[in-house]
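1. Okay, predicted coordinates and the sequence, questions at the end:
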Amino acid sequence: MTNRNEAGWKLEQSYQQLPALFYTETNPTAVQAPKLIVLNKGLAKQLGLDVAFLESKQGEEILAGNTIPEGSLPLAQAYAGHQFGNFTRLGDGRAILLGEQTTPTGEKVDVQLKGAGKTPYSRGGDGRAGLGPMLREYIISEAMHALGIPTTRGLAVTSAGESIIRETLLEGAVLTRIAASHLRVGTFQYATAWGTREDLEALANYTIEKHDKEAAQREDPYLHLLENVIERQAKLIAQWQLVGFIHGVMNTDNMTISGETIDYGPCAFMDTYDRYTVFSSIDRQGRYAYGNQPTIGQWNLTQFAITLLPLLHDEEEQAVELAQDALAKYDSLYEYYYITGMREKLGLHGEQDEDEGLIDDLLSMMQRYEADYTNTFIALTFGTIGETPMGKKEDFAEWHKRWENRRKSQDRSETESQQMMRASNPAVIPRNHRVEEALAAAVEDDDYSVMNELLHLLSTPFAHTKEQAEYAHVPPPQTAYQTFCGT
């Protein structure tokens with residue numbers, strides 16, 4: 001067997017420091033005939049893992065869950081969550097945490113197998129995942145990473161060599177997912193609902209050690225933790241809005257404490273700008289629509305704050321006041337990150353009072369004229385807005401004059417302004433029809449060339465190459481998609 005150090009595995013399982021309430025030791029269920037489908041070689045090297053080993057038969061067996069790497073103590077995590085507003089007891093129903101990998105830079109990251117078989121939290125499910133949904137998560141998460149948005153990432157997708165039953169028979173697969181951690185708002189809700197104050201304190205201390213070490217030196221470490229999580233999430237959701245990303249299922253079990261995007265189920269990037277856009281097939285009320293994401297983020301953070309009340313102060317009234325003061329900062333934090341990002345997308349240096357009006361008026365026209373979100377900003381960047389339907393409208397011409405005057409008034413050159421726009425407006429996003437095209441070729445025809453080309457173009461979204469321009473085309477008008485969580 002390959003030596004642990006030769007393979008690069010440096011795993012430990014710090015999660016077992018927590019009370020047993022929070023996990024159950026669970027081994028992956030072996031699959032029949034594992035085959036490595038895609039390996040993220042760049043990420044593997046960052047993790048200190050040997051690429052040749054991962055591509056070998058031994059590597060495939062580990063990535064499929066058939067073999068446990070040295071240092072791993074596999075477990076499934078317990079957590080709860082508000083799913084579409086309804087609170088329920090959950091847990092890793094098809095994911096198993098192998099442990100934490102220590103990277104060459106000393107960073108510790110979670111290594112998790114998604115689709116690795118039944119766990120005590122499977123709730124009647126088979127614990128498996130389909131090849132298509134796992135490849136989809138791999139594509140979208142890599143696109144998010146390239147856009148500079150905090151996210152979990154896929155190290156590998158390995159086919160199982162066996163079918164799973166959903167609406168039809170699907171090829172099974174396992175995604176190896178890397179994350180700063182898999183701690184969620186729902187983990188804290190679980191502690192509050194089914195644990196003791198001591199359990200909650202142990203979880204909070206563990207979280208601080210992983211994500212907010214400086215908080216441990218403060219007199220109010222748990223308030224500092226709350227404030228940091230609020231800021232991370234405010235920034236993350238602003239980043240989503242700026243690129244037109246719709247998560248689809250912003251349940252509290254899908255909101256990380258680390259501030260990473262997690263659980264790419266019914267998610268997508270907007271084509272036509274519409275703040276009411278919903279991609280989840282089960283979100284019939286539009287709870288998680290694009291325009292609602294900032295508000296839902298605050299709602300989820302409120303649930304997190306509620307779990308911390310016993311730790312914020314011994315007097316409940318004072319604990320509530322501290323939590324409310326922290327939550328009151330969310331709106332201004334979100335607005336700061338969002339408006340700052342929008343100024344960059346529009347090439348606006350500095351701050352002027354008229355900026356918010358410019359932004360709001362542009363979005364209103366994009367909504368009214370059904371403009372493509374990404375392509376509108378590309379057209380503004382390169383001066384081709386006249387070629388778009390909105391560019392011929394009188395009210396847009398008036399807006400455009402205001403925008404040009406604003407840019408002329410700043411102490412930066414037009415070249416500097418355009419450079420800012422080029423670096424802020426992606427040339428290519430993983431449009432749904434392109435992702436579906438890649439998945440169909442991969443799953444139905446065993447042709448991964450379409451996916452590999454898409455991944456290549458998505459890896460440098462701000463390059464603005466001729467090849468990327470081809471991928472900027474919008475889908476045919478009759479094309480409509482519903483996305484599912486793949487469970």
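-> Structure's in. What do you need? Numbers count the residues shown, from 1 in each chain.
2. Could you point out the longest helix of this structure?
-> Ordering each helix of the chain by length in residues (DSSP state H) puts helix 221-243 first.
3. how distant is it from the center of its chain?
-> Its chain's C-alpha centre and that of helix 221-243 lie 13 Å apart, by Cα atoms, centre = their mean, to the nearest Å.
4. From Ser417, how far off is the closest residue in space to Tyr288 that isn't next to it in sequence?
-> Distances taken as Cβ to Cβ, 6 or more residues apart in numbering place Met250 nearest to Tyr288, at 5.0 Å, with adjacent residues excluded. In this view, the C-beta of every residue, glycine as well, is placed from N, C-alpha and C. Counting by Cβ to Cβ, to the nearest Å, the separation of Met250 from Ser417 is 34 Å.
5. do Tyr330 as well
-> For Tyr330, the distance to Ser417 under the criterion Cβ to Cβ works out to 31 Å.
6. Compare Met250 and Ser417 and say which is more crowded by neighbours.
-> Here Met250 and Ser417 are compared on neighbour count by other Cβ atoms under 10 Å; more neighbours surround Met250, at 25 against 19.
7. Quick check, the more buried one in contact with Ile296.
-> Yes: taking Cβ atoms under 8 Å as the definition, Met250 is a contact partner of Ile296 at 4.8 Å.
8. quick one: contacts for Val174?
-> Contact analysis of Val174 by Cβ atoms under 8 Å, 6 or more residues apart in numbering lists 28, 31, 34, 63-65, 113-116, 129, 134, 157-158, 160.
9. Disregarding residues adjacent in the polypeptide, which is nearest to Arg153?
-> Nearest non-adjacent residue to Arg153 (Cβ to Cβ, 6+ apart): Ile178, at 4.9 Å.
10. what about Ala463, how many residues close to it?
-> Summarising burial for Ala463: neighbours were counted as other Cβ under 10 Å, giving 13.
11. I'd like to know how far it sits from Val428.
-> Going from Ala463 to Val428 by Cβ to Cβ gives 9 Å.
12. now Arg275
-> As defined by Cβ to Cβ, Arg275 lies at a distance of 23 Å from Val428.
13. what about these two, which has more around it?
-> Under the criterion of other Cβ under 10 Å, the comparison of Arg275 against Val428 puts Val428 first, with 26 against 15.
14. Surely the more buried one is in contact with Lys466?
-> No: here Val428 lies out of contact with Lys466, judged by Cβ under 8 Å, at a distance of 11.5 Å.
15. Generate a ChimeraX selection restricted to the buried entries among the contacts of Val174.
-> Only the buried members of the contacts of Val174 end up in this ChimeraX selection, burial being decided by 16 or more other Cβ atoms under 10 Å:
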select :28,31,34,63,64,65,113,114,115,116,129,134,157,158,160
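16. Glu315: which of the contacts of Val174 is nearest?
-> The shortest approach to Glu315 among the contacts of Val174 belongs to Lys114, at 42.4 Å (Cβ to Cβ).
17. looking at this, Asp126 is in a strand?
-> No: counting by DSSP: H, G, I helix; E, B strand; the rest coil, one finds Asp126 to be coil, located in no strand.
18. Now do the contacts for it.
-> Arg94, Gly117, Lys118, Ile164, Ile165.
19. Can you tell me which of those residues are buried?
-> A residue is treated as buried here by neighbour count (16+ other Cβ under 10 Å); on that basis the buried members of those are Arg94, Gly117, Lys118, Ile164.
20. Pipe those residues into CSV and attach secondary structure, pLDDT and distance to Tyr288 per row.
-> As requested, the buried ones among the contacts of Asp126 are exported to CSV (DSSP: H, G, I helix; E, B strand; the rest coil; pLDDT from 0 to 100; distance: Cβ to Cβ, whole Å):
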residue, secondary structure, pLDDT, distance to Tyr288
Arg94, coil, 95, 22
Gly117, coil, 95, 29
Lys118, coil, 96, 28
Ile164, strand, 85, 26
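21. and the two most separated of those?
-> The most widely separated members of these are Lys118 and Ile164, with 12.0 Å between them, by Cβ to Cβ.
22. And for Asp411, the neighbour number?
-> Applying other Cβ under 10 Å, we find 7 other residues in the vicinity of Asp411.
23. now do Lys392
-> When neighbours are counted by other Cβ under 10 Å, Lys392 comes out with 12.
24. End to end on stretch 68-84, go ahead and measure it.
-> From its first residue to its last, stretch 68-84 covers 36 Å (Cα to Cα, to the nearest Å).
25. Work out the gap between it and the centre of the chain.
-> Average the C-alpha atoms of stretch 68-84, do the same for its chain, and the two points are 18 Å apart (Cα atoms, centre = their mean).
26. Next, the buried residues of that stretch.
-> For stretch 68-84, the neighbour count (16+ other Cβ under 10 Å) marks 68-69, 71-83 as buried.
27. Touching both of Met250 and Ile296, which residues are there?
-> Each of Tyr288 lies in contact with both Met250 and Ile296 under the rule Cβ under 8 Å, 6+ apart.
28. rewinding a little: mind putting the buried ones among the contacts of Asp126 in CSV, distance to Arg232 included?
-> What follows is the buried ones among the contacts of Asp126, written out as CSV (distance: Cβ to Cβ, whole Å):
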residue, distance to Arg232
Arg94, 26
Gly117, 32
Lys118, 33
Ile164, 35
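29. ok, these vs Leu236, which is closest?
-> Arg94 (24.6 Å).
30. and the gap between the closest one and Tyr338?
-> In terms of Cβ to Cβ, Arg94 sits 34 Å off from Tyr338.
31. Thr256 too?
-> Per Cβ to Cβ, Thr256 is found 20 Å from Tyr338.
32. same thing with Gln13?
-> Counting by Cβ to Cβ, the separation of Gln13 from Tyr338 is 38 Å.
33. Which residue of those two possesses the greater neighbour count?
-> More neighbours sit around Tyr338 than around the other of Gln13 and Tyr338, counting by other Cβ under 10 Å; the figures are 20 against 17.
34. what's the helix or strand for the more buried one?
-> helix 330-345 (DSSP states H and E).
35. which other residues reach the helix or strand that comes right after that helix?
-> Next helix or strand after helix 330-345 toward the C-terminus (DSSP H and E): helix 355-368. Defining contact as Cβ under 8 Å, 6+ apart, one finds that helix 355-368 is touched by 273-275, 339, 342-343, 346, 348, 371, 373, 376, 390, 393, 395-396, 399, 402-403, 406.
36. domain ranges for this structure?
-> Recorded structural domains for the chain (assignment: automatic domain parsing) are 4-181, 183-427+472-487, 432-471.
37. hang on, the earlier thing: helices - which of the contacts of Val174 land there?
-> Secondary structure assignment by DSSP H places Leu63, Ala64, Met134 of the contacts of Val174 in helices.
38. of all these, which comes closest to Gly124?
-> Nearest to Gly124 out of these is Met134 (Cβ to Cβ; 20.9 Å).
39. Noted, bye for now.
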